[in-house]
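Participant: Sequence and predicted structure, then a few things I'm wondering about:
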Amino acid sequence: MSLFQNSSILITATFLVYVSARYIYRKTGIALLNPILISIIVLIAILLAAGIPYEDYKEGGAYIEFWLKPAVVALGVPLYKQLSTIRKQLLPVIAAELAGCVAGIVSVVLIADALGATREVVISLAAKSVTTPIAIEITQTVGGIPPLTAAVVICVGIFGGMTGFRIMRMTGIHSPMASSLSMGTAAHAVGTTFAIDNGGNRYGAWASLGLTLNGVLTALLTPTILSVCGY
């Protein structure tokens with residue numbers, strides 16, 4: 001077994017690549033240099049160049065995957081810090097989240113169906129806007145393809161993080177509450193990270209709330225919405 005096939009080496013390489021990519025992004029502020037996107041590209045290049053099968057990398061990556069769920073829970077810290085403000089807006093927030101959840105699921109199902117996607121692909125896309133651990137659990141429940149869901153969730157998060165705030169500014173949305181809530185709802189943990197980088201705890205609290213509520217609502221409503229849509 002080569003040095004690069006050692007799990008500890010692969011994990012170390014993953015962290016080093018991500019930390020370096022994040023440093024470059026913070027120094028340049030260039031959206032295309034999204035640290036997650038750059039990390040994926042660099043790590044794929046390393047695996048291909050070293051001839052490492054994905055299965056070997058996944059074995060080491062399981063240690064990182066273990067921390068995904070605690071990391072999502074940690075996003076509740078900025079939410080707690082802004083709890084008094086959030087309470088005053090709770091009813092409109094819940095209504096907006098419900099609308100966003102239903103629109104997110106229905107739109108992707110209808111578009112995928114119109115483009116001729118198979119049943120397994122369609123139901124695997126339904127949970128595209130919630131963070132990876134929740135999305136995978138939902139997909140397993142409805143009989144989809146978890147690896148496909150994970151890949152789509154990452155793509156949605158990166159795209160949302162890179163373009164979300166810009167699109168909202170172009171459409172006249174400047175409210176920290178509305179924009180951050182939308183980022184958390186549509187782009188899950190990646191969008192929440194961008195919100196925190198963009199405006200600190202105030203933005204992060206609303207994005208965390210959007211992420212959390214959309215995760216709960218998507219988990220509860222996805223089977224019903226898929227059934228109504230004929231899946």
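Facilitator: Received the coordinates, thanks.
Participant: low-confidence ranges in this structure?
Facilitator: Within the chain, the segments meeting pLDDT under 70 span 1-6, 60-63, 65-66, 68-69, 71-76, 78-79, 82, 199-201.
Participant: Go through it and flag its longest helix.
Facilitator: helix 176-228 (DSSP state H).
Participant: packing partners for it?
Facilitator: Packed against helix 176-228 by the contact rule (3 or more CB pairs under 8 Å, 6 or more residues apart in numbering; DSSP states H and E) you find helix 68-74, helix 76-81, helix 83-88, helix 90-114, helix 132-142, helix 146-170. C-beta: built from backbone N, CA, C; applies to glycine.
Participant: Point out the most buried one among those helices.
Facilitator: Highest mean neighbour count of the helices and strands packed on helix 176-228: helix 132-142, a mean of 20 (counted as mean count of other CB atoms under 10 Å).
Participant: now the angle between helix 146-170 and that helix, please.
Facilitator: 130 degrees (axes from the mean of the first three to the mean of the last three CA atoms, to 10 degrees).
Participant: quick one, phi/psi of residue 34?
Facilitator: For residue 34, the backbone dihedrals (degrees, to the nearest 10) come out as phi -50, psi 130.
Participant: so the longest helix of the chain versus helix 132-142, what angle?
Facilitator: Using the same axes, to 10 degrees: helix 176-228 against helix 132-142 is 20 degrees.
Participant: Next, the angle from helix 176-228 to helix 90-114.
Facilitator: Going by the same axes, to 10 degrees, helix 176-228 makes 50 degrees with helix 90-114.
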